[in-house]
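Chemist: sequence plus predicted model, see below.
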Amino acid sequence: AIVFLTGFFNLFFARADTALSKGKEIEESVREDLQEESYREEAKWHYNSALEIVNDKKTRGEGAEAGRKEAIRILYEIIDCYDADYLEAYGLLIKLLKEEKDEKNLKIIEGRYKVKLEVQKDIKKEEEKEEYYVSERLNELIKNIGSDNFKVRVKASEELLKAGKDAIPGLIKALSSKNIYRANFSAVILGKIKSKDAIAPLGNIVGSSSSPSLKASALSALGNIGDESAIPYIVKALKDEFFSHYEGTYRVREKAVEVLSRDFKKKVLPYLLKALEDPSLKWFALETLRKFKSMPKEIKDAFILALSDENEKIRLTAVKGLSIIEASQKISESLLKLINDKNANIRYETVKIIGKYQEKIFLDALILALSDTDKNVVEEAIKSIGRFKLNEVKDILVALASDDKKEISIRWHAIKSLGENFKKN
């Protein structure tokens, strides 16, 4: 009896552990593709920053006006860029505008706040009326992915994933839900189910939604589905204008780059080469192409051509893209021109690349770079010329290491390069 009970409990707890493990996997999987949570976190982070400025003793007295203005700027950013429903931000903004005696903007924000409160009440009523034309059980689960409780949302997601294709019609309808949680989770689940029927609805969200978080969730879903028909929708997202000041990135655009390079690989090549013709897409198309581990001739030619682009950002990406391309006369000629580029970052990356090639044609250019006005360029040039392991290079490095008029970091790099490349000499 004891042996039987021991075996029973072992089996019970083993199954419980498996279920718990699976639940955690699904939760992590949903979290990974869900963008809405991070946008809420950004809004919260910004709000706390504004609150800190307001409560900081240093921003009182003489610094009060400057502190208030900065806090007001941050609060506007929250309600205009991150989370228009972050009611605490409205409350603090109204308080600060009163202190500023800014009657004009105070009236506007109070009006927006009042409308927001009324709209939220209406949205709540509309949400309660939402029906998804599936079974009663699935309808309830889809409503639960709009819960304020993350654990409830994840549990409902788990059940909807198990339901598979039966849940698809309801989830597609829920993409247009007034509840941002429900819309985001619906997108993620449709991606996990790999529903091809969801491609056009998800693509329409990418092109028309006012919510950056929902766009990013839809992009992840399209990537998970992995069908080539989704590519045009994703390429269009490379133009998205939302800029995350919290991360300093164009979040939706970069999600599109990530999805294209990770989930479509060579399928996306014709679309990206076409995108290079559009100035507003060119940089992001190159950034996506740069993530390819192997480069066919079309991509190589695109990067070489971009080395002479008027846009500094595009030239910089082009130089970085050459890191996995073997040297050729065409590349060499283009790189030698960039050694004198007005942008220090471009000169730095150029020196780094030509050092990797170790072609004798680049040695004079690297020696010239030792006189660059940017310290980082000089230090990279020292590393690069050391790899040539020639006596004339050794003499140059010795001279740099011995020159007490040079900065310590320059001399240190010269000594390091001598030690790494001329040990036997």
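Modeler: Okay, I see it.
Chemist: state the distance from residue 413 to residue 381.
Modeler: Distance of residue 413 to residue 381, given as CB to CB, to the nearest Å: 9 Å. No exception for glycine: its C-beta is placed from N, CA and C like everyone else's.
Chemist: who has more neighbours out of these two?
Modeler: Neighbours were counted for residue 413 and for residue 381 using other CB atoms under 10 Å; residue 381 has more, 26 against 23.
Chemist: from residue 397, how far out is the more buried one?
Modeler: In terms of CB to CB, residue 381 sits 11 Å off from residue 397.
Chemist: for the protein, give me the ranges with low pLDDT.
Modeler: Across the chain, residues meeting the criterion (pLDDT under 70) sit at 1-41, 57-63, 81-84, 119-130, 132-134, 244-248, 324-330, 424-425.
Chemist: can you map out the strands along it?
Modeler: Using DSSP state E, the chain contains no strands.
Chemist: wait, residue 85 sits on residue 113?
Modeler: No - Residue 85 is beyond contact range of residue 113, at 10.9 Å (criterion: CB atoms under 8 Å).
Chemist: thought residue 68 was touching residue 97?
Modeler: No - contact between residue 68 and residue 97 fails when scored by CB under 8 Å: they sit 9.1 Å apart.
Chemist: now do the helices in the stretch 301-425 of the chain.
Modeler: Ranges of helices within the stretch 301-425 of the chain are 312-321, 329-338, 344-357, 363-369, 375-386, 391-402, 408-421, based on DSSP state H, counting those that start in this stretch.
Chemist: those helices into CSV, with extra columns for distance to residue 232?
Modeler: Converted to CSV, these look like this (distance: least, CB to CB, whole Å):
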stretch, distance to residue 232
helix 312-321, 23
helix 329-338, 32
helix 344-357, 32
helix 363-369, 42
helix 375-386, 40
helix 391-402, 51
helix 408-421, 48
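Chemist: mind listing what the closest residue in space to residue 366 that isn't next to it in sequence touches?
Modeler: Of all residues not flanking residue 366 in the chain, residue 385 sits nearest, at 4.7 Å (CB to CB, 6 or more residues apart in numbering). Taking CB atoms under 8 Å, 6 or more residues apart in numbering, we find residue 385 in contact with 355, 363, 366-367, 370, 393, 396-397, 417.
Chemist: again, but for residue 323
Modeler: Applying CB under 8 Å, 6+ apart to residue 323 gives the contacts 353, 356.
Chemist: that one and residue 73, how far apart?
Modeler: 39 Å.
Chemist: do residue 363 as well
Modeler: Residue 363 is 51 Å from residue 73, by CB to CB.
Chemist: pick out whichever of these two has more residues nearby.
Modeler: More crowded of residue 363 and residue 73, by other CB under 10 Å: residue 363, with 17 against 11.
Chemist: neighbours around residue 291, how many?
Modeler: When counting by other CB under 10 Å, one arrives at 13 neighbours for residue 291.
Chemist: should've said residue 335
Modeler: Neighbours of residue 335 using other CB under 10 Å come to 24.
Chemist: next: residue 277.
Modeler: Count around residue 277 with other CB under 10 Å applied: 9.
Chemist: what does the one 5 residues further on give?
Modeler: The local packing count at residue 282 equals 20, with neighbours defined by other CB under 10 Å.
Chemist: and if you look at the one 4 residues further on?
Modeler: The burial metric for residue 286, expressed as a neighbour count using other CB under 10 Å, is 25.
Chemist: do you know how far it is from residue 349?
Modeler: Per CB to CB, residue 286 is found 14 Å from residue 349.
Chemist: show me the contacts for the closest residue to residue 319 other than its chain neighbours.
Modeler: Residue nearest to residue 319 in three dimensions, not counting chain neighbours: residue 349, with 4.3 Å by CB to CB, 6+ apart. With contacts defined as CB under 8 Å, 6+ apart, residue 349 is in contact with 316, 319-320.
Chemist: select only the buried ones of these in ChimeraX?
Modeler: To isolate the buried ones among those in ChimeraX, judged by 16 or more other CB atoms under 10 Å, type:
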select :316,319,320
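Chemist: ok, so of the contacts of residue 349, who is nearest residue 164?
Modeler: Relative to residue 164, the closest of those is residue 320; by CB to CB it sits at 42.3 Å.
Chemist: my guess is that closest one contacts residue 291. True?
Modeler: No - counting by CB under 8 Å, residue 320 stays clear of residue 291, with 10.8 Å between them.
Chemist: list the buried residues of stretch 355-371.
Modeler: Of all the residues in stretch 355-371, those buried under the rule 16+ other CB under 10 Å are 355, 357, 362-363, 365-366, 369-370.
Chemist: name the pair among those with the greatest separation in space.
Modeler: Pairwise distances across the buried residues of stretch 355-371 peak at 17.7 Å for 357 and 370 (criterion: CB to CB).
Chemist: just checking, residue 205 touches residue 218?
Modeler: Yes - the pair residue 205 and residue 218 passes the contact test of CB under 8 Å, sitting 4.3 Å apart.
Chemist: who's more crowded, the two?
Modeler: residue 218 (35 against 24).
Chemist: list the contacts of that one.
Modeler: Residue 218 neighbours (CB under 8 Å, 6+ apart): 175, 187, 202-203, 205-206, 209.
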